[in-house]
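1. Could you work out the structure for the sequence below:
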Amino acid sequence: MPEGKDNTKKSPGESFGEMVREFGNALGEIFKDPKVKEKAQEFARSTGEAVQTFTDEFKEEEVKQKLKQAGKAAKEFGEKAAKKFGASKEECSRKSDFEMGIEKAVHWGEHIAARKDNHSGSTRVQRLVSYNVAIVWSFILLIFFNFFRQYIAYYHYEMAEGVGQWIREPLLSTEFGTVLPILNIALILSILGNGILIVLDRYLLRQGISIVLHVFSLAVILSFLRVFPFNFDLVPFSNAAQVLRIIATIIFIAIAIGLIVGIIVRIVRIVITTIRLET
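-> Predicted coordinates for the structure are as follows:
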């Protein structure tokens, strides 16, 4: 047995207390703070006594195994800490922050680009759908007002000689013929304009076509207000003709105001876009 070695067998509690005291001394050296060392040693003494009392009630071999596991975990922690802080703390922190910042910037840029592409693609699809819907709807109105406008009528059921039948009385008067030409022009322009936008979907072109279509739609509305080709007197309810006339007039005026606002907004957009392109 080599000289200088202490052969006194130490209990697990004493071994654990000594280990904790050494850990406390190490902390004191790291932080260069005597108070930390003192507190750690005080903690070690009290912990060693507690462990000694605790181990008296268990088999010594079982406690040794538990302490070995704890020692192994402490060793692994120490190795990882040494590896982590091998370089200067400031240098590691700076490198970490820089790398994290770059990664966040890249991810943010990719996210924004993906959202922009998705938004551009989705709005393009939405516009194409709206163009096609406008064309189909214009075709339907064009056919309906030219060939089936008599079905805009007041319907009522009457009995004659024991036989019942539905009576249809058209609400559009003969004066509707004076409005029909401008209505046809507006619907045909809508079909052509939206067809052009399906092929050439450009911002300024879109705004220009929208202005033209709004102007002709406004002309149709003003024609309806001027001529008012409706025959509401056929409706046999009290004051129905007067009420329906007022309602129709309010609706047409509201549509006209909306069209005027739309024209002004699109003109402003064209002016602003043109100024930006020139600067």
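2. what sits against residue 213?
-> 186, 189-190, 193 (C-beta atoms under 8 Å, 6 or more residues apart in numbering). Heads up, the C-betas are built off the backbone N, CA and C, glycines and all.
3. List the buried residues of the host helix or strand of residue 194.
-> In the assignment (DSSP states H and E), residue 194 maps to helix 176-199. Buried residues in helix 176-199, defined by neighbour count with 16 or more other C-beta atoms under 10 Å: 176, 179-180, 182-183, 186-187, 189-191, 193-194, 197.
4. Out of these, the closest to residue 244 would be?
-> Among the buried residues of helix 176-199, residue 176 lies closest to residue 244 (C-beta to C-beta), at 15.8 Å.
5. how about the residue nearest to the closest one when sequence neighbours are not counted, phi and psi?
-> Distances taken as C-beta to C-beta, 6 or more residues apart in numbering put residue 229 closest to residue 176, at 3.8 Å, once the chain neighbours are dropped. Note on residue 229: its backbone torsions stand at phi -80, psi 50 [degrees, to the nearest 10].
6. now swap in residue 236 and tell me
-> Dihedral angles (degrees, to the nearest 10) for residue 236: phi -90, psi 30.
7. Can you give me the separation between it and residue 207?
-> 48 Å (C-beta to C-beta, to the nearest Å).
8. likewise residue 249?
-> 30 Å.
9. what about the two, which has more around it?
-> A direct count of neighbours by other C-beta atoms under 10 Å for residue 249 and residue 207 places residue 207 higher, at 16 against 13.
10. element containing the more buried one?
-> helix 203-227.
11. for residue 272, what are its contacts?
-> Counting by C-beta under 8 Å, 6+ apart, residue 272 touches no other residue.
12. Kindly report the same for residue 127.
-> Counted by C-beta under 8 Å, 6+ apart, residue 127 has contacts 197, 201, 206.
13. quick check: domain ranges of the chain?
-> 12-85, 112-278 (automatic domain parsing).
14. a markdown table for the contacts of residue 127, including distance to residue 218 and pLDDT?
-> Listed next are these as a markdown table, based on distance: C-beta to C-beta, whole Å; pLDDT from 0 to 100:
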| residue | distance to residue 218 | pLDDT |
| --- | --- | --- |
| 197 | 20 | 94 |
| 201 | 24 | 89 |
| 206 | 18 | 94 |
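15. Phi, psi for residue 158 please.
-> Backbone geometry at residue 158, expressed as degrees, to the nearest 10, gives phi -130, psi 150.
16. start the count at 707, not 1, going forward
-> In the new numbering, first residue 707, that becomes residue 864.
17. Tell me if I'm right that it and residue 870 touch.
-> Yes: with contact defined as C-beta atoms under 8 Å, residue 864 counts as touching residue 870 (7.0 Å).
18. could I get stretch 884-897 in PDB with only the CA atoms?
-> Only the C-alpha atoms of stretch 884-897 are listed here, as PDB (Å, rounded to 0.1, in the frame of the first residue of the first chain):
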ATOM      1  CA  THR A 884     -85.100  53.500 -76.100                       C
ATOM      2  CA  VAL A 885     -82.900  52.200 -73.300                       C
ATOM      3  CA  LEU A 886     -82.100  48.800 -74.900                       C
ATOM      4  CA  PRO A 887     -79.400  50.100 -77.400                       C
ATOM      5  CA  ILE A 888     -77.200  51.600 -74.700                       C
ATOM      6  CA  LEU A 889     -77.800  48.600 -72.500                       C
ATOM      7  CA  ASN A 890     -76.600  46.300 -75.400                       C
ATOM      8  CA  ILE A 891     -73.500  48.400 -76.000                       C
ATOM      9  CA  ALA A 892     -72.600  48.200 -72.300                       C
ATOM     10  CA  LEU A 893     -73.000  44.400 -72.200                       C
ATOM     11  CA  ILE A 894     -71.100  43.900 -75.400                       C
ATOM     12  CA  LEU A 895     -68.200  46.100 -74.100                       C
ATOM     13  CA  SER A 896     -68.200  44.100 -70.900                       C
ATOM     14  CA  ILE A 897     -67.800  40.900 -72.800                       C
END
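19. hang on, the earlier thing: lowest average confidence across the domains of the chain, which one?
-> Across these, domain 718-791 has the smallest mean pLDDT, namely a mean of 56.
20. quick one, what contacts residue 940?
-> Counting by C-beta under 8 Å, 6+ apart, the residues that residue 940 touches are 860, 875, 877.
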